[in-house]
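# quick one, what's the 3D model for this:
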Amino acid sequence: RLGIAALEVGWSGHRLDVKVAPRQETYRVREKAEVQFAVRRTDGSLPPKDTELAVAVVDEGLLQLRKNESWQLLDAMMKKRGIEVETASAQQQVVGKRHFGKKAVAAGGGGGQMGARELFDTLLLWRGRVRLDAQGEARLEVPLNDSLTRFRVVAVAEGASQFFGTGEASFGTTQEVMLLSALPQVVREGDRFDASFTLRNTTKTEKHLVVSGEVTPTPAGVKLALAPRQLTLGPEAAVTLHWPLAVPESVARLTWELSAREGEVLADRLRVRQNVVPVVPLEVQQATLVQLDGRWQTPLAAPAAALPGRGGPRLELSPRLAGSLAGVTAYMGAYPYSCTEQRASVAVALQDRKRWEQLMAELPGLLDGQGLAKYFGLMREGSEVLTAYLMQLAAANDWEIPEAVEERLRSGLRAFVEGRLQRPSELATADFSYRRLAAMAALSAHGHFEAKWLDSLVIDPGLWPSSAVLDWLGILQRAEKLPRRAERLAQAKEVLRARLNWQGTSAALSTERGDYLWWLMVSGDSNINRMLWQLADEAEWRADIGKLARGALARQQRGHWNTTPANAWGVIAFERFSSLHEAAQVDGETRGSLEQQTQRVAWKDEKPSAALRFAWPAGSAALTLEHQGGGKPWVMLQSIAAVPVTEPLARGFTLTRKIEVVEQAERGAWRVGDVLRVTLEFDAPADLTWVALTDPLPPGATVVGSGLGGDSAVLARSAASRGTWDGPWAAFEERQSDLYRVYYRFVPRGRWTKSYLLRLNQNGEFHMPASRIEAMYAPEMSALWPNGKFAVRPAGGRE
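Below you'll find the model as predicted:
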């Protein structure tokens with residue numbers, strides 16, 4: 001036999017004993033729990049005078065999903081040494097097969113534990129600094145919420161930078177009668193399901209109860225009354241109640257309110273909010289920009305396949321071009337993907353400082369060891385391309401990056417520019433010089449540039465892609481002491497002017513095919529928008545800048561540009577263009593009419609923008625706009641409709657989806673508790689970077705293999721064995737309540753599959769949206785697979 005033991009040598013001299021003592025074992029909801037803390041050294045003496053506590057009070061249901069190891073501060077500070085003894089023997093062949101690995105198997109038992117409730121707010125309190133009094137003690141009051149569960153109080157102590165300790169205790173909240181929700185977090189319009197609630201009697205006596213309730217759709221909808229249930233509940237008994245519901249159309253949320261009464265006494269009341277998402281979302285099908293000079297008319301009709309009663313023509317009116325980007329706002333506001341770049345781009349495109357500040361608060365955890373930003377926090381290495389983009393975007397929009405974070409970003413880019421940090425290209429292509437130029441431009445935008453960085457660069461803008469020319473132009477505009485600056489500045493502008501051409505009213509660059517560097521997040525749209533931003537204040541471009549602005553808008557498809565960086569640069573560019581070149585005011589009145597519908601906008605008080613919304617006509621009808629007054633307002637006309645996907649759609653990619661049985665209680669029918677395998681097969685036409693694969697989930701279903709508590713270890717291993725080696729490596733997996741999404745950093749050309757296991761937890765008939773694959777920085781490469789309806793029966797014999 002071979003045994004290994006861990007010895008903690010010298011730990012006691014650094015340990016603090018932390019005692020946590022709630023005043024009561026149980027409380028009622030919305031009371032205040034009082035908790036006492038006492039800290040001592042291991043010899044019983046008082047801790048150092050500067051000792052402080054960090055205190056957290058969390059729902060134990062959260063800790064059952066995954067333990068928080070970061071609370072063990074002493075373990076982290078006293079780093080354990082690994083085994084440094086190596087042996088070579090045949091002992092493994094001597095140990096009997098029945099003993100092989102047996103000590104690694106967890107002991108049995110634990111089946112009787114009841115999972116703690118995890119609804120409502122899981123964090124009751126967080127205090128980062130709690131000072132102790134002269135006796136090494138502290139007291140806190142914890143306001144309780146409506147959760148009926150058990151809470152863990154954890155106190156982490158630190159003193160004099162060399163004493164550490166952790167203590168914890170629990171208390172619960174309870175009441176005689178409990179209503180507990182088992183609703184899925186998200187349902188879809190048109191779904192039919194049984195809403196389930198558990199009624200529990202915690203007393204030793206029998207209870208005669210009446211349970212009633214109602215459902216309120218939001219926005220405004222008709223309240224739905226739930227049929228009252230009368231029942232007798234035995235001592236310490238529980239029963240599950242079900243109400244069938246058909247989710248109404250055009251709502252965003254359902255608010256459930258149930259009450260349990262014992263005679264005239266209210267025993268419990270529960271309010272739960274449930275999100276509703278559309279099966280077929282409203283999308284901009286077509287968009288047109290016009291400058292209204294007097295009267296304008298155009299024929300309109302709903303798309304042939306559009307769902308009736310939804311959407312309609314929407315007009316955004318603005319005195320400035322920058323205010324005519326409603327399509328960009330709608331597109332970016334509903335953008336589904338969530339990597340670091342996309343979060344930054346969405347914040348800028350929406351001009352939402354709160355989103356930006358939230359990202360900046362999280363950014364330290366999104367950097368690698370060299371200071372480069374990562375697309376997702378779990379990735380090992382950051383990207384110099386992403387880092388340069390974030391820094392250029394922040395500077396262009398005049399938004400701040402926290403000083404400490406910016407210093408790390410600059411350090412990473414500087415190391416890359418100077419060759420001390422190597423990062424290979426995402427594709428096997430000669431783009432190193434372009435990536436270096438982007439990094440130099442980002443550093444120069446923040447006032448850090450050194451001319452010596454150009455010594456190893458062959459400067460020939462005529463041979464560079466337009467994005468590199470724009471980076472070079474940005475460096476020259478900011479670095480005023482560069483040798484031959486005026487000559488090089490004129491050369492860069494001339495290269496851009498020579499490449500600029502016009503396709504009707506749309507602006508384009510003659511090198512557009514070679515400019516499409518999607519793996520560097522560069523597209524023709526982003527180049528034109530950056531060009532508008534960088535040249536808006538250049539005197540020699542003053543005569544052409546208005547035409548360039550209109551040409552940039554003409555590149556939009558369905559009211560927006562093709563990529564998230566292009567939309568972010570577009571918003572910044574048009575804000576600058578409008579502030580420099582649009583001073584005319586609009587006054588008077590603008591009137592719009594469609595069949596019997598008429599709406600008006602009165603221009604006064606420098607109104608920045610206004611919107612007119614109409615319902616779709618029964619057939620084809622003429623939309624008429626007329627402006628009476630001064631100025632020429634810009635009008636963005638959007639055709640908004642919900643068009644379902646009924647056939648597979650392939651645009652470069654192809655996508656198929658199939659379902660296999662893993663565990664099924666009844667052959668040929670899906671029931672609650674069954675497990676199925678979903679396999680998505682896709683064909684990539686070329687090597688592509690940053691591809692997102694999205695598959696919808698039935699309400700209440702969970703993807704197996706999350707690694708959280710309560711997950712099946714056997715099924716998780718099965719999922720891993722089938723889901724890891726049959727496709728490109730996933731950079732990040734996103735598991736939301738209504739979808740499963742995989743992000744691939746690189747997808748080689750060819751046919752690949754992705755599979756995952758799904759456990760069904762909610763019965764009903766569900767409408768499933770289409771599965772989708774898309775190259776995020778080449779969105780014209782995409783595919784859709786329609787899914788239709790999916791039915792799940794109740795578990796057991798209940799129908």
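# for this structure, give me the ranges with low pLDDT.
1-2, 83-120, 605-608, 707-727, 797-799 (pLDDT under 70).
# report the central residue of it.
By Cα atoms, centre = their mean, the mean C-alpha position of the chain lies nearest to residue 338, the distance being 4.0 Å.
# surely that one meets residue 734?
Yes - using Cβ atoms under 8 Å, residue 338 is in contact with residue 734, at 7.1 Å. Just so you know, the C-beta spots here come from the backbone N, C-alpha and C atoms, and that holds for glycine as well.
# thinking again about what came up before, what's near enough to touch the residue nearest to the centre of the chain?
residue 734 (Cβ atoms under 8 Å, 6 or more residues apart in numbering).
# switch the cut-off to 10 Å
Contact analysis of residue 338 by Cβ atoms under 10 Å, 6 or more residues apart in numbering lists 346, 376, 692, 732, 734, 736, 741, 743.
# kindly report the same for residue 672.
194, 196, 665, 700-701, 759-764, 792-796, 798 are the contacts of residue 672 under Cβ under 10 Å, 6+ apart.
# ChimeraX command to pick out the buried ones of those?
In ChimeraX, a selection of the buried entries from those looks like this (16 or more other Cβ atoms under 10 Å):
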select :194,196,700,701,759,760,761,762,763,764,792,793,794
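# sort out for me which of the contacts of residue 672 are in strands.
Using DSSP state E, the subset of the contacts of residue 672 located in strands is 194, 196, 759, 764, 792.
# tell me how far the second one lies from residue 311.
What that stands for is residue 196. Taking Cβ to Cβ, to the nearest Å as the measure, residue 196 falls 34 Å from residue 311.
# helices or strands next to the strand or helix carrying residue 531 in the packing?
Element membership for residue 531, per DSSP states H and E: helix 524-535. The contact analysis (3 or more Cβ pairs under 10 Å, 6 or more residues apart in numbering; DSSP states H and E) places helix 524-535 against helix 384-397, helix 466-478, helix 485-499, strand 506-509, helix 512-515, helix 545-554, helix 564-581.
# tell me the angle the second one makes with helix 524-535.
Inter-element angle recorded for helix 466-478 and helix 524-535: 10 degrees (by axes from the mean of the first three to the mean of the last three Cα atoms, to 10 degrees).
# returning to that earlier point: can you give the distance of the helix holding residue 531 from its chain's centre?
Using Cα atoms, centre = their mean, to the nearest Å, the mean C-alpha position of helix 524-535 is found 27 Å from that of the whole chain.
# okay, that helix in PDB with CA atoms only?
Extracted in PDB, the C-alpha atoms of helix 524-535 (Å, rounded to 0.1, in the frame of the first residue of the first chain):
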ATOM      1  CA  GLY A 524     -15.500  47.500 -45.800                       C
ATOM      2  CA  ASP A 525     -18.200  49.200 -43.600                       C
ATOM      3  CA  SER A 526     -15.800  49.700 -40.700                       C
ATOM      4  CA  ASN A 527     -13.200  51.200 -43.100                       C
ATOM      5  CA  ILE A 528     -15.600  53.700 -44.600                       C
ATOM      6  CA  ASN A 529     -16.900  54.700 -41.200                       C
ATOM      7  CA  ARG A 530     -13.400  55.100 -39.800                       C
ATOM      8  CA  MET A 531     -12.500  57.100 -42.800                       C
ATOM      9  CA  LEU A 532     -15.400  59.500 -42.200                       C
ATOM     10  CA  TRP A 533     -14.400  59.900 -38.600                       C
ATOM     11  CA  GLN A 534     -10.700  60.500 -39.300                       C
ATOM     12  CA  LEU A 535     -11.300  62.900 -42.200                       C
END
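# how about the closest residue in space to residue 190 that isn't next to it in sequence: which residues does it bridge to?
Once flanking residues are discounted, residue 190 sits nearest to residue 767: 4.8 Å by Cβ to Cβ, 6 or more residues apart in numbering. According to DSSP bridges, the residues that bridge with residue 767 are residue 789.
# report how many residues lie close to residue 767.
The burial count assigned to residue 767 is 21, neighbours taken as other Cβ atoms under 10 Å.
# ok, now which ones touch it?
With contacts defined as Cβ under 10 Å, 6+ apart, residue 767 is in contact with 187-192, 247, 278-280, 644, 696, 698, 787-790.
# from residue 196, how far off is residue 760?
Using Cβ to Cβ, residue 760 is found at 14 Å from residue 196.
# name the residues contacting each of the two.
672, 700.
# sorry, back to before: which one of the ones in strands among the contacts of residue 672 is nearest residue 295?
Looking at the ones in strands among the contacts of residue 672 and their distance to residue 295, the nearest is residue 764, at 52.1 Å (Cβ to Cβ).
# skip the chain neighbours and tell me the closest residue to that closest one.
Using Cβ to Cβ, 6+ apart, the nearest residue to residue 764 is residue 193, at 2.9 Å.
# run the chain-centre distance for stretch 497-512.
What separates the centre of stretch 497-512 from the centre of its chain is 35 Å, taken as Cα atoms, centre = their mean.
# first-to-last residue distance for it?
Distance between the boundary residues of stretch 497-512 (Cα to Cα, to the nearest Å) amounts to 14 Å.
# can you show me the CA trace of the helix or strand containing residue 357 as PDB?
Following DSSP H and E, one finds residue 357 within helix 353-362. In PDB, the C-alpha atoms belonging to helix 353-362 read as follows (Å, rounded to 0.1, in the frame of the first residue of the first chain):
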ATOM      1  CA  ARG A 353     -22.100  54.700 -20.400                       C
ATOM      2  CA  LYS A 354     -23.400  52.300 -17.800                       C
ATOM      3  CA  ARG A 355     -22.700  49.300 -20.100                       C
ATOM      4  CA  TRP A 356     -19.200  50.700 -20.700                       C
ATOM      5  CA  GLU A 357     -18.500  51.300 -17.000                       C
ATOM      6  CA  GLN A 358     -19.700  47.800 -16.300                       C
ATOM      7  CA  LEU A 359     -17.300  46.300 -18.900                       C
ATOM      8  CA  MET A 360     -14.500  48.500 -17.500                       C
ATOM      9  CA  ALA A 361     -15.200  47.200 -14.000                       C
ATOM     10  CA  GLU A 362     -14.900  43.600 -15.300                       C
END
